[in-house]
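Student: no letters, just coordinates:
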Ligand SMILES: Nc1ncnc2c1ncn2[C@@H]1O[C@H](COP(=O)(O)OP(=O)(O)OP(=O)(O)O)[C@@H](O)[C@H]1O
C-alpha cells in the first residue's frame with residue numbers, strides 16, 4: 001500500500017514540482033506514471049522510494065510513515081521497495097551475480113543462501129547462465145534485467161521503475177515489461193514511469209499523469 005496525503009515537493013527554494021498530491025495505491029496494482037519531460041515523474045518515484053523527502057505532507061508505505069521513518073527503520077523501507085532508476089547504476093568492475101548479491105550483504109544471510117537467492121533472481125529475469133559476465137558484456141536490455149534482478153533479490157512487495165524501457169528496441173522493451181507483469185501477477189505492486197503510452201496501455205490499468213503542475217489519476221484499478 002502506498003498513500004500520499006497532501007504531498008508537496010520542491011527542490012531547495014525552487015517552485016513546487018508536485019503540489020497537494022493525494023492518492024492511494026492498493027497492494028497488487030500496476031500503475032503507469034506518465035507526463036512530459038520535466039513534469040516530475042522521477043520526483044514522484046523518488047518520494048515513494050524514500051530517496052527524496054517531501055517538502056510537506058505525509059507518505060505511507062505499507063501503513064508506515066516513510067517520510068518520518070527513524071534511521072533504524074530505513075532498512076525496512078529498502079527491503080519493501082525495489083527501485084530501478086533511469087541510470088541503472090550497475091557496478092562494472094564486478095560480475096552480474098556480484099551486482100545482485102550487493103543488496104543481500106546487509107541482511108546477514110549465509111553466503112550459500114545469498115548465492116542461491118541471487119541465482120534465483122537472475123533466473124526470474126531470464127539471465128541464467130550469465131552470472132559471471134561483466135555488465136559491460138551485456139546488451140542494454142540485459143543490463144536492465146540485471147538491474148531488476150538486483151531490485152527484487154530482497155523480495156520487495158513494491159517495485160518502482162523509472163523509464164525502464166527507454167533506449168531499448170521494441171522486442172527488448174516488451175521483454176522487460178513482461179518481467180514486470182510476471183512480478184505483478186504474483187502480487188507485487190508495480191509502478192512504472194514512461195513516455196511510451198502505447199506500450200504502457202497494454203500493461204497498466206491505472207495511469208497517473210503529471211502535466212503542467214496538475215495531477216490526473218485515471219483509475220481503472222482492479
Ligand atoms: N535534485 C534536483 N534538484 C533541483 N531540481 C531538480 C532535481 N531533480 C529534479 N529537479 C527538477 O524537477 C523537475 C522535475 O524533474 P523530474 O526528473 O522529476 O521530471 P521527469 O518528469 O521525470 O522528467 P524526465 O521525463 O525528463 O525524466 C525538473 O524541472 C527538474 O529540473
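Tutor: Nice, I can see it. Since we're looking at a predicted model, the values are computed, not measured.

Student: make it CA atoms for all contacts and neighbour counts henceforth
Tutor: OK.

Student: where do the helices of the chain begin and end?
Tutor: For the chain, the helices defined by DSSP state H cover 41-48, 74-80, 96-101, 111-124, 140-152, 170-185, 197-201.

Student: any idea which of these gets closest to residue 5?
Tutor: Checking these against residue 5 by CA to CA gives helix 41-48 as the closest, at 12.2 Å.

Student: what packs against that closest one?
Tutor: If contacts are counted by 3 or more CA pairs under 8 Å, 6 or more residues apart in numbering; DSSP states H and E, helix 41-48 sits against strand 158-162, strand 189-193.

Student: need the residues of the protein near the ligand, please.
Tutor: For the chain, the contact set with the ligand under CA under 6 Å from any ligand atom comprises 11, 17, 36-43.

Student: now do the buried residues in the one helix or strand in the chain whose mean pLDDT sits lowest.
Tutor: Lowest on mean pLDDT, DSSP states H and E among the helices and strands of the chain sits helix 74-80, with a mean of 80. Neighbour counts using 16 or more other CA atoms under 10 Å place 77-80 of helix 74-80 among the buried residues.

Student: ditto for stretch 50-68
Tutor: For stretch 50-68, a neighbour-count test (16+ other CA under 10 Å) marks 50, 53-55, 57-62, 64, 66-67 as buried.

Student: now do it: everything it contacts.
Tutor: Residues from elsewhere that reach stretch 50-68 (CA atoms under 8 Å, 6 or more residues apart in numbering): 1-10, 20, 43, 46-48, 77.

Student: can you pick out the most distant pair from those?
Tutor: Of all pairs drawn from the contacts of stretch 50-68, the one with the longest distance (CA to CA) is 1 and 10, at 24.1 Å.

Student: so which of the contacts of stretch 50-68 comes closest to the ligand?
Tutor: Nearest to the ligand among those is residue 43, at 3.7 Å by CA to the nearest ligand atom.

Student: distance check, that closest one against residue 86.
Tutor: Using CA to CA, to the nearest Å, residue 43 is found at 12 Å from residue 86.

Student: okay, those two: which has more neighbours?
Tutor: The residue with more neighbours, out of residue 43 and residue 86, is residue 43; 21 against 15, by other CA atoms under 10 Å.

Student: among the buried residues of stretch 50-68, which are in strands?
Tutor: Among those, DSSP state E puts 57-61, 64 in strands.

Student: dump those residues into JSON lines; add distance to residue 126 and pLDDT as well.
Tutor: Output for these, formatted as JSON lines (distance: CA to CA, whole Å; pLDDT from 0 to 100):
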{"residue": "57", "distance to residue 126": "40", "pLDDT": "96"}
{"residue": "58", "distance to residue 126": "38", "pLDDT": "96"}
{"residue": "59", "distance to residue 126": "34", "pLDDT": "95"}
{"residue": "60", "distance to residue 126": "33", "pLDDT": "95"}
{"residue": "61", "distance to residue 126": "29", "pLDDT": "93"}
{"residue": "64", "distance to residue 126": "33", "pLDDT": "89"}
